[in-house]
Each structure stands twice: as C-alpha cells, then as structure tokens.
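Novice: what shape does this take:
(2 chains)
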Amino acid sequence: AQRVTQPEKLLSVFKGAPVELKCNYSYSGSPELFWYVQYSRQRLQLLLRHISRESIKGFTADLNKGETSFHLKKPFAQEEDSAMYYCALSGSGNTGKLIFGQGTTLQVKP
Amino acid sequence: DVKVTQSSRYLVKRTGEKVFLECVQDMDHENMFWYRQDPGLGLRLIYFSYDVKMKEKGDIPEGYSVSREKKERFSLILESASTNQTSMYLCASRRGRQLSYNEQFFGPGTRLTVL
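Specialist: Coordinates of the predicted model:
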C-alpha cells in the first residue's frame, strides 16, 4: 500500500537551530515526493519537490530510496518558518493524486 | 498566478441538510481535487476529476458526491450532512497529468461545521 508517514506531530526548536522534519514513505515504483507548507492563515502551497533538487527558503530534501525517506532539512531555523508541513507522494499511474502524511507543526521559538 | 477560489470560508449546517461546496480555478487546469483536512490525519482525498464530466473516487468518498460540468468548476456535495463531516475542506487544481506538471494549487479552504 502507498503510505506517507510523518512521525512527529510537533517539532519545537529555537531560532538558529537546525531543523529536520521526518518523512517516510511506502511505494512500490519510482516515487515523486513533495513537501507542502501551510503558514498561519494562508493556503497550502508547494515548498519543494524532489525532482527539482532545489533549495527553497533554505530548505532541502533528499530522496533516500534505501531508507524510503524524504526528510526536510534546514541548517538554521527562522521564526517565519513556523508552519504546518506536509510530506506528499504522487500516486501510481501518474494520476496526479497525492497521498499526504499526517503533517508536522514546526514551531520556531525566539 | 493560479487562483483557486472556494465559495465560502465558513459554513454552518444542520444534520441532514444537503450541502454544496464550490471551487473555481482560473488557469484552465484539467485536474481538480477535493480533500478534507483533519488534525492528526493530514489531507485525505475525497474525489478527483481528470477533466470535465469525469470523476473518480478518492480514499474517503462515502457520504459525498461531486459534479464537474465546466472545466473551471468542481463542486462537492454532501447529500445528507452528518456531524462527522465537520472538517476543513480543501480544493486543489493541477495542469494535465504529466509528471512535470504535478504541482497542485490549493484554495483557501472551507471550514464546515455540522450541528
């Protein structure tokens, strides 16, 4: 079965500390993985996708097929990074369907 | 910029009422989706549509139906609202089916409360 797991419901760090939001997936084919973010009172939006291999707002995520993980990392957290983060997997057959994880709330304290 | 709009930000209905949630996108996207967002459960797909008049069930379609008569509009219908359908409902759209267009664009959400 296709599944995305985000084991942490809440991650609380101090400003300037490194951040790692965990994401593990279960998928039998070649996955396409995404991180979406929802800031307070804003709509859900794409943060980054693995196929682009880019850094957005200082965040990076590397697909590790051996560990079936796609953890989101940032070396120095900022207060404006506080938000809800969702990891998502594109479903089989290129249907465009996304399977989302449960979400992790990142709280960056001053 | 892609704009996805939803007809209401907040909606309060009574058990047994028929409820319509409307979603409109202005970028000529083929694909549209309805999710519900619940704390601790993430986003779960209710229904999606590849194109006009086409629809497919998602992971939790029970108690819901959809309509897509025009490309830009995707409606979610709660045939007989129940309290367990109290949730945040998110609409999304996406261009085509190619991998390179896989980003989904989301609406602001409708918070539905069923009393």
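Novice: spell out which parts of chain B neighbour chain A.
Specialist: For chain B, the residues in contact with chain A (C-beta under 8 Å from any C-beta of the partner chain) are B:4, B:31, B:33, B:35, B:40-45, B:48, B:50, B:56, B:58, B:90, B:92, B:94, B:97-99, B:102-109. From N, CA and C alone the C-beta is placed, and that goes for glycine too.
Novice: which among those residues end up buried?
Specialist: For the residues of chain B next to chain A, a burial check counting by 16 or more other C-beta atoms under 10 Å in any protein chain shown picks out B:4, B:31, B:33, B:35, B:42-45, B:48, B:50, B:58, B:90, B:92, B:94, B:102-109.
Novice: strands - which of those residues land there?
Specialist: Among those, the ones falling in strands (DSSP state E) are B:4, B:31, B:33, B:35, B:42-45, B:48, B:90, B:92, B:94, B:105-106.
Novice: from the residues you listed, which is closest to A:Cys23?
Specialist: B:Gly42 (11.4 Å; C-beta to C-beta).
Novice: look up how far B:Glu22 lies from B:Ser93.
Specialist: 13 Å (C-beta to C-beta, to the nearest Å).
Novice: re the thing from before, present the ones in strands among the buried ones among the residues of chain B next to chain A as CSV; the columns should include pLDDT.
Specialist: Listed next are those as CSV, based on pLDDT from 0 to 100:
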residue, pLDDT
B:Val4, 96
B:Asn31, 91
B:Phe33, 95
B:Tyr35, 97
B:Gly42, 92
B:Leu43, 94
B:Arg44, 95
B:Leu45, 94
B:Phe48, 93
B:Leu90, 98
B:Ala92, 96
B:Arg94, 90
B:Phe105, 93
B:Phe106, 96
